[in-house]
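Novice: give the three-dimensional model of this entry:
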Amino acid sequence: MKDIFCPKCKENNIVKSGLAKGKQRYKCQNCNYYFSVMKEGKSIDPYYVIKALQLYLEGVTLREIERILGVSHVSVMNWIRKYNIKAPENFDYRPTYKVLTHSELVSFFNNKESLKASGCVITELGDKFMVIKWERYRRN
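Specialist: Next up is the predicted model:
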């Protein structure tokens, strides 16, 4: 077997040794260890991981990221833990976001009122764009 290595001794001197629960079993000729090939997990495009972490840093909630990107909020939370991301705390501003097409983005910037009294960042989402604005909380 060329591409399969023993998980115990890391050698590739292995032979087939029957089936277990429908999966091929192997025996290592060096250490006599029996094993099955590990299943490959579902991989997510790194683009979505980076976008999810960027949105989290911008203050977008996990559930909102789930709705925007179509990625589970649990996956986003796991990535935050894995990469040890800390969201900045700023209670004076709150982010709002809009997902726009190119033509909607152009008209958004043509309207001066949409940019008044706020910070703004734009990020690409496939064929659309997300505009994230920070506006001050209006205290009564």
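
Novice: hey, let's count contacts and neighbours off CA atoms from now on
Specialist: Fine.

Novice: residue contacts, the residue positioned nearest the centre of the chain?
Specialist: Residue closest to the average C-alpha location in the chain (Cα atoms, centre = their mean): Val49, at 2.5 Å. By Cα atoms under 8 Å, 6 or more residues apart in numbering, the contact list for Val49 reads 76, 79.

Novice: secondary structure class for it?
Specialist: Of the three states, Val49 takes helix under DSSP: H, G, I helix; E, B strand; the rest coil.

Novice: and Lys27, by the same measure?
Specialist: State at Lys27, reduced to three classes by three-state DSSP: strand.

Novice: setting the sequence-adjacent residues aside, check what's closest to it.
Specialist: What sits nearest to Lys27 in space, not counting adjacent residues and going by Cα to Cα, 6 or more residues apart in numbering, is Tyr34, at 4.5 Å.

Novice: you'd agree the one you found is up against Ala20?
Specialist: No: taking contacts as Cα atoms under 8 Å, Tyr34 lies outside contact range of Ala20: 10.7 Å.
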